[in-house]
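Enquirer: Below are the sequence and a predicted model; questions follow.
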Amino acid sequence: MSTEIKNEWPLWEIFIRSKQGLDHKHVGSLHATDAQMAIENARDVYTRRMEGVSIWVVESKFIHASNPSDAASLYDPANDKAYRHPTFYDLPDEVKNM
Amino acid sequence: MLTFVSTAFLFLFLNRNNPNMEKGFEEIFQDKIDKEIRIEPKDWMPEKYRQTLIRQISQHAHSEIVGMLPEGNWITRAPNLRRKAILLAKVQDEAGHGLYLYSAAETLGITRDEMYAQLHSGKAKYSSIFNYPTLSWADIGAIGWLVDGAAIMNQVPLCRNSFGPYARAMVRVCKEESFHQRQGFEILLTLSKGTAAQKRMAQDAIDRWWWPSVMMFGPKDDESPNTIQSMKWKIKRFTNDELRQKFIDVCAEQIKVLGLVIPDKDLKWNEATGHYNFGEINWDEFWQVVQGNGPCNKERLETRKKAWEEGAWVREAASAYAEKRKQKQSLHAA
Ligand SMILES: [Fe+2]
Ligand SMILES: [Fe+2]
């Protein structure tokens, strides 16, 4: 059992650009021995219905993520800065096209 | 810069093995679920939630994978090229569904190999429906219409389940699933308009697949003790009996288009309830098949194990090849 686990192919995160001009978006993950195989498998698993025009693969171990329990302190600095949004400013109705 | 809220989190985190503190976590967790906020893999979750999900998602994945076997049986014998291409595409979709779901389960901390080992040892179950044989081409029609139909009933509410990776996988699955049911119904419709023998073949398939499909929703609610907790955690949105009734109501209407019959003499519209009444389910058969005594349990498991064992050299060769290429690349880079 433990040797089986050691032999398991690495995990890859798959990102697909659905249309030219759009961002690559995370769609899921899969196992593959290397990047080439990950791209080919991603083609079969995630684009059977023309869902993509471009594929990125990243080995999962290289992804670093923020910790969900840090969310409160991490995003706190943005919380009280309403002046970063256009709706913060009160302008007379006569001002057009702004 | 620690705000009050995150300090509270930190405090809970440091005291996570204290049973009183566990309760604090659990309240925050349940509160999120009640507010329809999805749980993501790195979020705190009760151990029982994690284990229940691992079991549910991996069983679901196994069902997709084992589910390829009865249909795969007819790929080489499909009656024409159009049907063969469709069946191939459908079976390939089921492989994809298995992969989406295995990946979702892996985010909960179980490895793919552990899940395979559980399937192969018989520890993990898969849907009992796939332990029935596909005896004629019409069975492919009946599977699409009834088995995929029942699966869709189950799966659509799962698109809104509380665990993010599972819900996202289910959205993908459901999008692909709808052609499966339609192609099955189309097969039966074509047969129902054919010769007397073809019509008989379609009826025979429905006769054999109807009751096992009705059983796909699992035991009756009063014999399904985990339902209440699963509904509270929103990894189940409707009870087994609710989904089963919905399925029967829909099929009882659709069968009319086929001009065939559902093999249940008690099936009857009930004006008062607004649903169809239906006959007694043979639960003894259900439990027999769950316990491994269905017509194909042994064959299905052996086929999976054989595929896994005979594929071992391919997996090893691919790993060795990747390793060799990596070494070559680093040599070039040096
Ligand atoms: Fe499926
Ligand atoms: Fe399907």
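Expert: It's in. Ligands and ions are numbered 1, 2, ... in the order given.
Enquirer: Relative to ligand 1, which residue of chain A is the closest?
Expert: Closest contact between chain A and ligand 1, by Cβ to the ion, is at A:R48 (12.9 Å). Where you see a C-beta, it was placed from the backbone N, CA and C, and this is true even at glycine.
Enquirer: what about that residue, how many residues close to it?
Expert: Applying other Cβ atoms under 10 Å in any protein chain shown, we find 13 residues neighbouring A:R48.
Enquirer: Quick one: residues contacting it.
Expert: Residues in contact with A:R48, defined by Cβ atoms under 8 Å, 6 or more residues apart in numbering or on different chains, are B:A89, B:Q92, B:D93, B:G96, B:E176.
Enquirer: Kindly list the longest helix within chain B.
Expert: Looking across chain B with DSSP state H, the single longest helix is helix B:164-192.
Enquirer: Going by contacts, tell me the helices and strands next to it.
Expert: strand A:24-31, helix B:81-106, helix B:137-142, helix B:148-158, helix B:196-215, helix B:240-258 (3 or more Cβ pairs under 8 Å, 6 or more residues apart in numbering or on different chains; DSSP states H and E).
Enquirer: right, so these: which one is the most enclosed?
Expert: helix B:137-142 (a mean of 25; mean count of other Cβ atoms under 10 Å in any protein chain shown).
Enquirer: Wondering if that one reaches ligand 2 at all.
Expert: No - legend: contact between helix B:137-142 and ligand 2 by Cβ under 5 Å from the ion is lacking; minimum distance shown is 11.9 Å.
Enquirer: and B:Y116, what element?
Expert: In the assignment (DSSP states H and E), B:Y116 maps to helix B:112-121.
Enquirer: buried stuff in the longest helix of chain B?
Expert: Neighbour counts over helix B:164-192 (16 or more other Cβ atoms under 10 Å in any protein chain shown) mark B:164-170, B:172-174, B:176-177, B:179-181, B:183-189, B:191-192 as buried.
Enquirer: How about stretch A:27-45?
Expert: Within stretch A:27-45, the residues that count as buried by 16+ other Cβ under 10 Å are A:27-34, A:37-38, A:41-42, A:45.
Enquirer: same question, stretch B:263-277
Expert: For stretch B:263-277, the neighbour count (16+ other Cβ under 10 Å) marks B:D264, B:L267, B:Y276 as buried.
Enquirer: For the helix or strand containing B:T52, enumerate the helices and strands it packs against.
Expert: Secondary structure assigned from DSSP H and E places B:T52 in helix B:47-66. In terms of contacts (3+ Cβ pairs under 8 Å, 6+ apart), helix B:47-66 is packed against helix B:81-106, helix B:112-121, helix B:227-232, helix B:297-310.
Enquirer: Run through the bridge partners of the residue nearest to A:V58 when sequence neighbours are not counted.
Expert: Distance criterion Cβ to Cβ, 6 or more residues apart in numbering or on different chains; nearest residue to A:V58, sequence neighbours excluded, is A:E13 at 5.0 Å. Bridge pairing for A:E13 (DSSP bridges) gives the partners A:S29, A:V58.
Enquirer: List the contacts of the residue nearest to A:T33 when sequence neighbours are not counted.
Expert: Nearest residue to A:T33, sequence neighbours excluded (Cβ to Cβ, 6+ apart): B:A322, at 3.6 Å. B:A322 makes contact with A:T33, A:D34, A:M37 under the criterion Cβ under 8 Å, 6+ apart.
Enquirer: Which helix or strand contains the first one?
Expert: It stands for A:T33. Here A:T33 is assigned to no helix or strand, by DSSP H and E.
Enquirer: What of the last one?
Expert: For A:M37, the host element (DSSP H and E) is helix A:35-46.
Enquirer: From B:L81, how far out is the closest residue to ligand 2 within chain A?
Expert: Going by Cβ to the ion, ligand 2 is nearest to A:R48 of chain A, at 13.3 Å. As judged by Cβ to Cβ, to the nearest Å, A:R48 and B:L81 stand 19 Å apart.
Enquirer: cool, and B:M115?
Expert: 36 Å.
Enquirer: just B:L301 next, same as before
Expert: 33 Å.
Enquirer: what's the answer for B:A117, then?
Expert: Applying Cβ to Cβ to B:A117 and B:L81 gives a distance of 39 Å.
Enquirer: can you pull the contacts of B:Q56?
Expert: B:I235.
Enquirer: what's the pLDDT at it?
Expert: With respect to pLDDT, B:Q56 scores 96.
Enquirer: what's near enough to touch the residue in chain B positioned nearest to ligand 1?
Expert: Proximity to ligand 1, evaluated over chain B using Cβ to the ion, is greatest for B:H97 at 3.8 Å. Contact analysis of B:H97 by Cβ under 8 Å, 6+ apart lists B:A61, B:E64, B:V173, B:E176.
Enquirer: Need the residues you listed in JSON lines (columns: pLDDT and distance to B:I248).
Expert: Below are the contacts of B:H97 laid out as JSON lines (pLDDT from 0 to 100; distance: Cβ to Cβ, whole Å):
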{"residue": "B:A61", "pLDDT": "98", "distance to B:I248": "27"}
{"residue": "B:E64", "pLDDT": "98", "distance to B:I248": "24"}
{"residue": "B:V173", "pLDDT": "96", "distance to B:I248": "23"}
{"residue": "B:E176", "pLDDT": "93", "distance to B:I248": "25"}
